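Chemist: Structure for this input, please:
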Amino acid sequence: MRSLLLFSFICLSFSCKKKDFLDGYDKNVLFAAPTPAETNAVWNEWQSRDLTPANYTLVQETPISDGKFTLKIVSYVVSGIKEYGALLIPKTDNPVPVRMIISGFGIDLLATSMKIVISNNANEQGFILAIPALRGQRLDLTVNGVAYTTPISEGRHCDAFDGATDDAIAFLNLIQATESKADINRVSIRGGSRGGTVALLAGIRDKRFKRLINIVGPTDLLTLTAVSENDATYQCQFLSELVHQQASITSARFKMIASSPLYFANKLPATQIHLGVKDRHFSISQGQALQEKINQSGSEGSFEFFTYDRGHTDMVTNNPELDNRIKQFLDQF
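Modeler: The predicted model follows:
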C-alpha cells in the first residue's frame with residue numbers, strides 16, 4: 001500500500017501531468033495581435049490566388065417539381081483539387097439572384113446534409129440555390145424525398161476557413177461562367193457556425209457577394225485558438241502542422257489571421273450576424289468585437305447584429321424572428 005501511495009504521489013507531481021500541445025512554443029509570439037504588415041500580407045496573398053475552375057463536368061441533371069426546377073450536380077478542379085457542388089435552378093426567362101449556403105465543420109463531419117421540399121403548386125423560386133461541397137466533405141441532399149449524394153471533394157478537410165473560402169469563391173466563378181441565368185450582381189452567402197465565418201470571409205475577399213449572413217459563426221479564430229490549444233478541432237485547423245514541424249509560426253499565424261474576419265472588418269459589405277447568448281462554442285463577444293471594429297470604420301449602417309436566448313445547435317430551430325430578419329435582408333436586393 002505504501003508503494004502504491006508513493007507511486008500515486010509521484011504520478012500526481014510529475015509524470016501524469018498533462019502536457020500542453022504547444023509546450024516549447026512562445027505563445028505570446030504565436031498569438032500576438034496581428035500587425036498591419038501581417039494583415040496586408042494576407043490581403044495581398046488573397047489577391048494573388050488563381051481560383052479559376054477547370055475541367056467542368058455536369059455530373060447529373062434532374063428535373064424537379066414537374067420541371068419547374070432543375071437540380072444540377074457538378075464537378076470541377078480548382079488549385080489542383082477536384083470539388084463538387086449542387087445548384088437548384090428555377091425555370092425562368094430572366095436572370096435571378098444566387099444564394100449560396102455554406103456548411104458547418106466537425107472533424108468527423110464529412111457530409112453537408114440538407115433537406116429541400118418544393119411543392120408542385122409552389123410559386124416559382126426567385127433565386128438559384130448554390131451548395132458547394134467544401135474540401136474534405138460531400139453533399140447529402142434530399143430534394144422532394146429523393147436522395148442525391150456527391151463524392152467527397154478533395155483537399156484537406158481541416159483547411160476549414162481560408163481554404164473553404166477559396167472553395168466558395170471558386171464555386172461562384174464556376175456559376176458565373178456556366179449559368180447564364182445567374183445574376184452575379186445579386187449574390188448572397190449564408191452559413192452556420194464555420195459556414196458563417198466563411199460567409200464573412202467570402203464577402204471580404206470578393207465583392208460579388210453583396211449580402212452576408214453569419215449564424216453562430218466566430219469572427220476571431222486567432223483569439224479562440226489561443227484559449228483552445230488543447231482542443232482537437234483547433235489543433236487540426238491551425239496547430240498540428242506547426243507542432244509536427246510542417247509549418248512555421250509565421251505560416252500558422254497567417255492561417256489564423258486569414259481565417260478571422262475581425263481583422264478585415266472594414267471590407268465587409270452588408271452583413272447580418274446572429275449569435276446566441278447560451279452558445280457554449282462561440283460567445284456573443286465574437287459579434288461584439290466585430291461590431292466595434294465596424295463602428296470604428298464608420299460603416300455601421302450596413303451591419304446588423306442580433307442576439308437570441310438560444311445556444312449553438314438550436315439557433316435556427318423554430319425561430320421565426322431570425323427567419324423574418326433574414327428574409328427582409330435578402331429581399332432588399
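
Chemist: Please name the nearest non-neighbouring residue to G104.
Modeler: For G104, ignoring the flanking residues on the chain, the nearest one in space by Cβ to Cβ, 6 or more residues apart in numbering is S193 at 3.8 Å. In this view, the C-beta of every residue, glycine as well, is placed from N, C-alpha and C.

Chemist: can you tell me which residues contact the one you found?
Modeler: Listed by Cβ atoms under 8 Å, 6 or more residues apart in numbering, the contact partners of S193 are 104-105, 215-217, 281-282, 312.

Chemist: Any idea how far stretch 36-44 is from the middle of the chain?
Modeler: Stretch 36-44 sits 21 Å away from the centroid of its parent chain (Cα atoms, centre = their mean, to the nearest Å).

Chemist: And that stretch, what's buried?
Modeler: Neighbour-count burial for stretch 36-44, counted by 16 or more other Cβ atoms under 10 Å, picks out 38, 41-43.

Chemist: do stretch 165-180 as well
Modeler: Of the residues in stretch 165-180, those with enough neighbours to count as buried (16+ other Cβ under 10 Å) are 165-175, 179.

Chemist: again, but for stretch 303-321
Modeler: The neighbour-count check on stretch 303-321 (16+ other Cβ under 10 Å) flags 303-305, 308, 310, 312, 315, 319 as buried.

Chemist: Need the contact partners of it.
Modeler: With contacts defined as Cβ under 8 Å, 6+ apart, stretch 303-321 is touched by 192-193, 215-216, 268, 270-282, 284, 287-288, 290-291, 294, 322, 325, 329.

Chemist: where do the helices sit along the stretch 1-150 of the chain?
Modeler: 2-10, 27-30, 36-48 (DSSP state H, counting those that start in this stretch).

Chemist: If I average pLDDT within each of the ones you listed, which one is lowest?
Modeler: Sorting the helices of the stretch 1-150 of the chain by mean pLDDT places helix 2-10 lowest, at a mean of 41.

Chemist: A164 in helix, strand or coil?
Modeler: The three-state label given to A164 by DSSP: H, G, I helix; E, B strand; the rest coil is helix.

Chemist: Show the low-confidence segments of the stretch 151-300 of the chain, by residue range.
Modeler: Filtered on pLDDT under 70, the stretch 151-300 of the chain yields the residue ranges 300.

Chemist: Measure how buried F21 is and give me the count.
Modeler: Using other Cβ atoms under 10 Å, F21 has 17 other residues around it.

Chemist: Would you mind confirming that it makes contact with E229?
Modeler: Yes - with contacts counted by Cβ atoms under 8 Å, F21 reaches E229, the gap being 5.0 Å.

Chemist: Tell me the residues that contact both of those two, please.
Modeler: Joint contacts of F21 and E229 (Cβ under 8 Å, 6+ apart) are 235, 239.

Chemist: Could I have the CA atoms of stretch 297-307 written out in PDB?
Modeler: Extracted C-alpha coordinates of stretch 297-307, given in PDB (Å, rounded to 0.1, in the frame of the first residue of the first chain):
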ATOM      1  CA  SER A 297     -14.600  52.000 -39.700                       C
ATOM      2  CA  GLY A 298     -17.800  54.200 -40.000                       C
ATOM      3  CA  SER A 299     -19.800  51.600 -41.900                       C
ATOM      4  CA  GLU A 300     -22.200  50.500 -39.100                       C
ATOM      5  CA  GLY A 301     -25.200  51.400 -41.300                       C
ATOM      6  CA  SER A 302     -24.700  48.200 -43.300                       C
ATOM      7  CA  PHE A 303     -24.100  45.900 -40.300                       C
ATOM      8  CA  GLU A 304     -26.800  44.200 -38.300                       C
ATOM      9  CA  PHE A 305     -26.000  42.300 -35.100                       C
ATOM     10  CA  PHE A 306     -28.800  40.200 -33.400                       C
ATOM     11  CA  THR A 307     -28.600  38.000 -30.300                       C
END
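
Chemist: Off-centre distance for stretch 20-38?
Modeler: When distances are taken as Cα atoms, centre = their mean, stretch 20-38 is centred 24 Å away from the chain's centroid.

Chemist: Enumerate the positions of it that are buried.
Modeler: Buried residues in stretch 20-38 (16+ other Cβ under 10 Å): 21-22, 25, 30-31, 34, 38.
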